[in-house]
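K.L.:
Structure of the sequence below:
(chains A, B, C and D)
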Number of protein chains: 2
Amino acid sequence: MPWEKSFEESDVVEQAMQVFWEKGYAATSISDITEATGIKRGSLYNAFDGKDDLFLRSLLKYDTEKRKELLRRMEDIEDPREAIAAFFDYIVSDCLNDPNKKGCLLVNTALDYLHLDDEVQKVVADAFKELTSFFEQQIKRGQQHGDIPDTASPKATAKALIAILVGIRVLGRGMLGKTALQQIAEQAQRLIS
Amino acid sequence: MPWEKSFEESDVVEQAMQVFWEKGYAATSISDITEATGIKRGSLYNAFDGKDDLFLRSLLKYDTEKRKELLRRMEDIEDPREAIAAFFDYIVSDCLNDPNKKGCLLVNTALDYLHLDDEVQKVVADAFKELTSFFEQQIKRGQQHGDIPDTASPKATAKALIAILVGIRVLGRGMLGKTALQQIAEQAQRLIS
DNA sequence: AATGGTCTGGACCGATCGGTACAGACTAGG
DNA sequence: CCTAGTCTGTACCGATCGGTCCAGACCATT
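P.N.:
As a prediction, the model looks like this:
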């Protein structure tokens, strides 16, 4: 084996992810990525198939490291209502803590859903299915515990919470500030009270 | 006066709007617009300042012809809860009726809020302020009539309804179907019941 | 009919796009 | 030390980007 790579692929994907996350797929160029990573063009194309490949890998990395990781943490919370509240608390603080206000890569990508490759579509669709399923499970558990009124349909309420989540993520990209985002998250709780 | 324009500016803006609406600002090229309108490059630049100008005009046209027009119609409804319900009904059916699933140009644009020109930012911000104000007024009226419980904070609830609206518009761009969108709209009503 | 002003079509601009080619740097195995 | 194989850096590709330029078409006025 002669001469190994001078960089870690995952580092490059991480940096590429940041760029796609902030500027969106259409608005980021390969040059943006080579500048962000320091990797030269030739090395980049030697390690990856191209822009599409890099975007898919970025999205997958985001999906596993951010979304799945968050869901895993939230599922560890015993009290269902607390789990949902903690979820929205995290989302809001995440919006506020990011100085670049990148929002959520999955939500940003979902806006262009119909224009995406099949593979990318699948990642986005699965992510939202799992998120919806998380809410639904928590609501059902809450209803079994008697913490959440049975009047709320778990499936429908879960979808509504997803809609609010998307709204927060979009409006949190600069349109709304701390107070407004917190108020919205607070109202989300009212759907399960 | 020699030789008049062979096209109506407003027609061109209308077509440009459709393209921006479907593909987004970054992904639409001037060629896309000349092809959609039939106008040649020279004529286009003779009538407009460039891509930015065309986008701003498209957004303004959308804002006045779609958003303001819709709000005006909804404000004519006497019953406040009915007004809000009708609003969401319209949004959902609008999502379902559009075969291209373009969503809402204002919402699509809001996602890139921080990367927009000041002028465009202002249009988007004002639009959302007016939408929020509409919800807030209807909620207040509903509370005066006794139709909407006083437990709901008008300002906070209005913002939550906006978030749901944004969620519907984003997820309605291909991710979710009729049933899901209707369920979400239905849940929105629960915030004012 | 000549003039003057405006609009059209399309050639053209430099810059940048995503992607490729390849010379040379480099190292593990012989 | 040599060779075979892989990675790096850069020049380069055709295509397309947003935008400009201008010759010529056109018509109202005189």
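K.L.:
for DNA strand D, what are the nearby residues on chain A?
P.N.:
Contact residues, chain A versus DNA strand D (CB under 7 Å from any atom of the strand): A:1-7, A:39-43, A:46-47. C-betas here are computed from N, CA, C, even on glycine.
K.L.:
Give me the neighbour count for the closest residue to A:Pro80 other than its chain neighbours.
P.N.:
In space, and not counting its chain neighbours, A:Pro80 is closest to A:Gly142: 3.7 Å by CB to CB, 6 or more residues apart in numbering or on different chains. Other residues near A:Gly142 number 22, with proximity taken as other CB atoms under 10 Å in any protein chain shown.
K.L.:
mind listing the helices for chain A?
P.N.:
Along chain A, counting by DSSP state H, helices occupy A:9-23, A:30-37, A:41-47, A:51-62, A:69-75, A:80-97, A:105-110, A:118-145, A:154-171, A:178-190.
K.L.:
which one of those helices is the most hemmed in?
P.N.:
Mean neighbour count (mean count of other CB atoms under 10 Å in any protein chain shown) peaks for helix A:154-171 among the helices of chain A, with a mean of 26.
K.L.:
Not including adjacent chain positions, what is the nearest residue to A:Ile33?
P.N.:
By the measure of CB to CB, 6+ apart, the closest residue to A:Ile33 outside its immediate chain neighbours is A:Ala16, 5.0 Å from it.
K.L.:
a markdown table for the helices of chain A, including mean pLDDT?
P.N.:
Listed next are those as a markdown table, based on pLDDT from 0 to 100:
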| stretch | mean pLDDT |
| --- | --- |
| helix A:9-23 | 98 |
| helix A:30-37 | 98 |
| helix A:41-47 | 97 |
| helix A:51-62 | 98 |
| helix A:69-75 | 98 |
| helix A:80-97 | 98 |
| helix A:105-110 | 98 |
| helix A:118-145 | 98 |
| helix A:154-171 | 98 |
| helix A:178-190 | 98 |
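K.L.:
Distance to B:Ile192 added to those, as JSON lines?
P.N.:
What follows is the helices of chain A, written out as JSON lines (distance: least, CB to CB, whole Å):
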{"stretch": "helix A:9-23", "distance to B:Ile192": "35"}
{"stretch": "helix A:30-37", "distance to B:Ile192": "45"}
{"stretch": "helix A:41-47", "distance to B:Ile192": "52"}
{"stretch": "helix A:51-62", "distance to B:Ile192": "35"}
{"stretch": "helix A:69-75", "distance to B:Ile192": "28"}
{"stretch": "helix A:80-97", "distance to B:Ile192": "20"}
{"stretch": "helix A:105-110", "distance to B:Ile192": "25"}
{"stretch": "helix A:118-145", "distance to B:Ile192": "20"}
{"stretch": "helix A:154-171", "distance to B:Ile192": "13"}
{"stretch": "helix A:178-190", "distance to B:Ile192": "10"}
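K.L.:
residues contacting the residue of chain A found nearest DNA strand D?
P.N.:
At 2.4 Å from DNA strand D, A:Gly42 is the closest residue in chain A, using CB to the nearest atom of the strand. Counting by CB atoms under 8 Å, 6 or more residues apart in numbering or on different chains, A:Gly42 makes contact with nothing.
K.L.:
same thing with A:Ile164?
P.N.:
If you count contacts by CB under 8 Å, 6+ apart, A:Ile164 has them with A:88, A:184-185, A:187-188, A:191, B:160, B:163-164, B:167.
K.L.:
Next up, phi/psi of A:Ile39, please.
P.N.:
phi -70, psi 140 (degrees, to the nearest 10).
K.L.:
Let me know how buried it is, in neighbour terms.
P.N.:
Using other CB under 10 Å, A:Ile39 is surrounded by 22 other residues.
K.L.:
roughly how far apart are it and A:Lys51?
P.N.:
A:Ile39 sits 14 Å away from A:Lys51, taking CB to CB, to the nearest Å as the criterion.
K.L.:
Spatially nearest residue to A:Phe134, not counting backbone neighbours?
P.N.:
Computed as CB to CB, 6+ apart, the closest residue to A:Phe134 that is not its neighbour in sequence is A:Leu71, at 5.5 Å.
K.L.:
Return the residues in contact with the one you found.
P.N.:
Contact analysis of A:Leu71 by CB under 8 Å, 6+ apart lists A:130-131, A:134.
K.L.:
could you redo the last one with a cut-off of 10 Å?
P.N.:
A:Leu71 is in contact with A:83, A:87, A:127, A:130-131, A:133-134, counting by CB atoms under 10 Å, 6 or more residues apart in numbering or on different chains.
K.L.:
correct me, but A:Pro154 touches A:Leu191?
P.N.:
No. Between A:Pro154 and A:Leu191 there is no contact under CB atoms under 10 Å: 11.1 Å.
K.L.:
and for these two, which residues touch both?
P.N.:
Any residue near both A:Pro154 and A:Leu191 by CB under 10 Å, 6+ apart counts here, and that gives A:135, A:139, A:148.
K.L.:
Just name the closest of these to B:Arg173, please.
P.N.:
Minimum distance to B:Arg173 across these is 20.8 Å, recorded for A:Phe135 (CB to CB).
K.L.:
what sits against A:Ala127?
P.N.:
A:59, A:62-64, A:66-68, A:71, A:104-107, A:109-110.
K.L.:
how about a cut-off of 6 Å?
P.N.:
Going by CB atoms under 6 Å, 6 or more residues apart in numbering or on different chains, A:Ala127 touches A:63, A:67, A:106.
K.L.:
And the last one, how far from chain B?
P.N.:
A:Leu106 sits 11 Å away from chain B, taking CB to the nearest CB, to the nearest Å as the criterion.
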